[in-house]
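Enquirer: Here is a sequence together with a model predicted from it:
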Amino acid sequence: PDMPRGVCVVEELAYVADRRSGLHIIDVSNAAEPEEVSSIDTPGEADGVAVEGDYAYVADDGGGLRVIDISNPAEPAEAGVFDTDGRAFDVAVNGHYAYIADGYSSGLQIADIDPPASAFLLTGLDVPGAARAISLEDNYAYIAAEAGGLRIIRLW
């Protein structure tokens, strides 16, 4: 990757969202010599990534939420697309839901990802500023929203 923007590590694989070239899967079992296993390009600019089970969810600025089947890391394949209203900058996944930091006009988008290939919008919430990054902890979403500061949203 030449412009990594997001990373998610699961066991010995790092899933890297590379702004210019999509998702890269890297074997990091030997930290001194990481080795790329595979990659799959996305149509927009890959900014964030989350992994749940056999799927990587890529926040693809300009391309929505890309659902990538990673059941065989050597051959990732696009399994679905959720076209967000704004510009998907980051994603976090919890169970059957993807929480998307969706930029300037859309704030937080929550998608049902069960099944992953048929993701659909459950709800959205405007946030002041531009939702750029998201993290989940307990019952809360923490959103970095540029000029809107840190937004804390109770989810359930």
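Expert: Yep, that arrived.

Enquirer: how much space between the closest residue to residue 104 other than its chain neighbours and residue 17?
Expert: For residue 104, ignoring the flanking residues on the chain, the nearest one in space by C-beta to C-beta, 6 or more residues apart in numbering is residue 130 at 4.4 Å. In this view, the C-beta of every residue, glycine as well, is placed from N, C-alpha and C. In this view, residue 130 and residue 17 are 18 Å apart by C-beta to C-beta, to the nearest Å.

Enquirer: The two: which is more packed in?
Expert: Legend: neighbour count by other C-beta atoms under 10 Å for residue 130 and residue 17, higher for residue 17 (31 against 21).

Enquirer: Quickly list what the more buried one is bridged to.
Expert: residue 6, residue 23 (DSSP bridges).

Enquirer: Where does pLDDT dip in the protein?
Expert: Within the chain, no stretch has pLDDT under 70.

Enquirer: Other residues contacting the helix or strand harbouring residue 48?
Expert: Here residue 48, judged by DSSP states H and E, is contained in strand 45-52. With contact meaning C-beta atoms under 8 Å, 6 or more residues apart in numbering, strand 45-52 is reached by 5-8, 10, 15-23, 56-63, 66, 70, 88-93, 98, 101, 113, 133-134.

Enquirer: just stretch 18-30 next, same as before
Expert: Under C-beta under 8 Å, 6+ apart, the answer for stretch 18-30 is 1-5, 9, 12-17, 34-42, 45-47, 49, 56, 58, 60-61, 66, 68, 70, 73, 76.
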